[in-house]
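Enquirer: 3D model of this:
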Amino acid sequence: YVDIPGYGQNKINAAYSFGGAQLLAQTVEHNTGIRIDHYAEIGFGGFASIVDAMGGIEMCPAEAIQDPLAGLDIQAGCQEFDGAAGLGYVRTRATAQGDLDRVARQREFMGAMMSRLTSPAVWLNPWRWYRLGSTGAKALTVDSGDHVWHLAWLMLRMALGTESETVPTSGTMDTGHAGNVLLWDDSAAPAFFDGLK
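Expert: Residues are numbered from 1 along each chain as shown. Model prediction:
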């Protein structure tokens, strides 16, 4: 729940709805003090296409999840996810901790994607590389100052290992107009942002 320049208080993702990538970046900068140098966006369809271009991703969910809203019906245990199942897995909120579980699943899935991307099954298959490059170029939107080598560098860095963090929170609040929201921790969040600068 943040201040969106020109729109007042709302959920941070509402900034994109109100003013696209530019307002979202401005909102992040305004609320965190962190400068956004580059922007890349992938839509839902593009995400699913990239997973399919890699030949699927093996995931091992700890619990079964049925979520008709996300188009997801999976069992617990290791299984191959195609693009549609992968998309449902990273979108669903149908578990005990809702959005917080979703963040954990998104991290888990990105780790599995990077592992798959660097596997011999992808590296040694020219057809998969062609499909991945072609699909990735169609699926991604970048800001005007970015080039393909920025994305290649980002993918290489992610494949070599990344750290993923979550802004410290201090509970939830029902706002009325924006619904139920997570609140950043008033003392821990600014220290977290300072550490990222």
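Enquirer: For the protein, which residue occupies the most central location?
Expert: Closest residue to the average C-alpha location of the chain: Gln106 at 5.9 Å, with Cα atoms, centre = their mean.
Enquirer: Need the residues that contact the helix or strand where that one lies.
Expert: Using DSSP states H and E, Gln106 maps to helix 99-117. Helix 99-117 has contacts (Cβ atoms under 8 Å, 6 or more residues apart in numbering) with 50-51, 54-55, 57-59, 86, 89-93, 95, 122, 132, 155, 158-159, 162, 164, 166, 182. The C-beta positions use only the backbone N, C-alpha and C, and glycine is treated the same way.
Enquirer: among these, which ones are buried?
Expert: Buried subset of the contacts of helix 99-117 (neighbour count, 16 or more other Cβ atoms under 10 Å): 50-51, 54-55, 57, 59, 86, 89-92, 95, 122, 132, 182.
Enquirer: Which other helices and strands does the next helix-or-strand element following the helix holding Gln106 contact?
Expert: The C-terminal neighbour of helix 99-117 among helices and strands, as given by DSSP H and E, is helix 120-123. On a contact count with 3 or more Cβ pairs under 8 Å, 6 or more residues apart in numbering; DSSP states H and E, helix 120-123 meets helix 126-139.
Enquirer: contacting residues for the closest residue to Thr32 other than its chain neighbours?
Expert: In space, and not counting its chain neighbours, Thr32 is closest to Phe193: 4.5 Å by Cβ to Cβ, 6 or more residues apart in numbering. Contacts for Phe193 (Cβ under 8 Å, 6+ apart) come out as 32-34, 167.
Enquirer: Gly111 and Asp3, how far apart?
Expert: 32 Å (Cβ to Cβ, to the nearest Å).
Enquirer: pLDDT score assigned to Gln97?
Expert: Gln97 carries a pLDDT score of 86 in this model.
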